[in-house]
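Participant: Make a model of this:
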Amino acid sequence: MRSSTLALCVFALAAPCGAAIAQTPPPMQDQGAHGFLTPEQRAMLHQGQPQTDWQSMTPEQRAAQRDQMRAKWDAMSDADKQKLKADLQAKWDALPADQKQAIEQRIAERKARWQNQGQSQQ
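Facilitator: Numbers count the residues shown, from 1 in each chain. Here you go, the predicted model:
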């Protein structure tokens, strides 16, 4: 009799937890292009922009550059962001397969580096 009561209590307590897990996560806010664009679209965005020499900048210059980039993104309307996303996707779709593969390989290598850094810090 006790085990069935215990099982019923565990089930009753676990049900709200399961419902919370099943809910969709909140939309990515304040993530800029990282929450809005796919890695492939971000690669297309970076290819179309002049390269910034981050290593030669002081920390204050880097922060100012990031703030400027963030402000530019935040100033864009939702329609402008959607148009940019569509344009970047069209650029990606127009790439030859070998260029797509090279970019995807760089994305995978970068992701692996970030995952390895995260594991080494734990």
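
Participant: pLDDT weak spots in the protein?
Facilitator: Applying pLDDT under 70 to the chain picks out residues 1-32, 120-122.

Participant: Helices along that one, start to end?
Facilitator: For the chain, the helices defined by DSSP state H cover 2-22, 33-36, 39-47, 59-75, 78-94, 97-121.

Participant: Return the distance of stretch 111-122 from the chain's centre.
Facilitator: Between the centre of stretch 111-122 and the centre of its chain there are 16 Å (Cα atoms, centre = their mean, to the nearest Å).

Participant: Sorry, wrong one. I was asking about stretch 38-50.
Facilitator: Counting by Cα atoms, centre = their mean, stretch 38-50 comes out at 13 Å from the chain centroid.

Participant: which other residues reach it?
Facilitator: Contact partners of stretch 38-50, identified using Cβ atoms under 8 Å, 6 or more residues apart in numbering, comprise 33-34, 37, 84-85, 88-89, 91-92, 100, 103-104, 106-107, 111. Any C-beta I mention is one placed from the backbone N, CA and C, and that applies to glycine too.

Participant: For this protein, which residue occupies the most central location?
Facilitator: H34 (3.7 Å; Cα atoms, centre = their mean).

Participant: Tell me how far it lies from L95.
Facilitator: Distance from H34 to L95, counting by Cβ to Cβ, to the nearest Å: 21 Å.

Participant: do S77 as well
Facilitator: Using Cβ to Cβ, S77 is found at 27 Å from L95.
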